[in-house]
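Trainee: Sequence first, predicted model second:
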Amino acid sequence: MAELADLVEGLGFAEVRTVLASGNVLFETADESDSAAARLETALRDRFGYEAWVHVLPLDAIRRIVYAYPFERGRDGWHDYAIVAVRSEVREELLAVELDPEAERAAPGEGVIYWTVLQGSTIDSRLGKVQAAARMKPWITTRNLNTLEKLVR
């Protein structure tokens, strides 16, 4: 995470702070989200040698995502997530997945899909399998609500 912070600072972003070992970085910029994301994707690819897809959200948007979570938080044996999806058609596709209500639930939000899933079932759940498809990588990122809360504190 220190190398990630150095890279972001090297691009001229201010007040850079990484959160956990999650790939999440807080920073200040006057760039529009798309411009900042493109610069970060190029820098990550050049520095670390992998294809990166970056989602830049204003801190207020992250707060709205956290506070609007529609499911009961912190249920024993469950994980709480927000799936950030930049394209409406991707959100619609994910929301159309037929879920096993005993193992997972999903609900639409502003630019996100809220998802709660049994611990140990995240990858094998129906929605988890669709998210894992290579064609989804550029368009979504899934974040645990606990991590998002740390971002807005």
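Mentor: Perfect, I can see it now.

Trainee: what about the longest helix along the chain, average pLDDT?
Mentor: The residue-count maximum for a helix in the chain (DSSP state H) belongs to helix 33-48. The pLDDT scores in helix 33-48 average 91.

Trainee: Use 13 as the first number for this chain going forward.
Mentor: Noted, 13 is the first residue going forward, which turns the last one into helix 45-60.

Trainee: What helices and strands are in contact with that helix?
Mentor: helix 14-22 (3 or more Cβ pairs under 8 Å, 6 or more residues apart in numbering; DSSP states H and E). In short, each C-beta sits where N, CA and C put it, glycine included.

Trainee: circling back: so what touches the next helix or strand after the longest helix of the chain?
Mentor: Using DSSP states H and E, the next helix or strand after helix 45-60 towards the C-terminus is helix 71-79. Contact partners of helix 71-79, identified using Cβ atoms under 8 Å, 6 or more residues apart in numbering, comprise 38, 69, 94, 96, 121-124, 157, 160-161, 163-164.

Trainee: Relative to the helix or strand just after helix 71-79, what are the paired strands and their orientations?
Mentor: The C-terminal neighbour of helix 71-79 among helices and strands, as given by DSSP H and E, is strand 90-97. With DSSP bridges as the test, strand 90-97 is paired with strand 124-130 (antiparallel), strand 152-156 (antiparallel).

Trainee: export the shortest one as PDB, just CAs?
Mentor: If I follow you right, that is strand 152-156. Extracted in PDB, the C-alpha atoms of strand 152-156 (Å, rounded to 0.1, in the frame of the first residue of the first chain):
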ATOM      1  CA  ILE A 152     -17.700  -3.100 -11.400                       C
ATOM      2  CA  THR A 153     -15.900  -3.200  -8.100                       C
ATOM      3  CA  THR A 154     -17.200  -4.800  -5.000                       C
ATOM      4  CA  ARG A 155     -16.500  -3.400  -1.600                       C
ATOM      5  CA  ASN A 156     -17.300  -4.600   1.900                       C
END
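
Trainee: Buried residues in that strand, which are they?
Mentor: I152, T153, T154, R155 (16 or more other Cβ atoms under 10 Å).

Trainee: got the angle between it and helix 71-79?
Mentor: Interaxial angle, strand 152-156 versus helix 71-79 (axes from the mean of the first three to the mean of the last three Cα atoms, to 10 degrees): 60 degrees.

Trainee: which residues are contacting strand 152-156?
Mentor: Outside strand 152-156, the residues that reach it (Cβ under 8 Å, 6+ apart) are 34, 36, 65, 67, 91-98, 102, 106, 127, 143.
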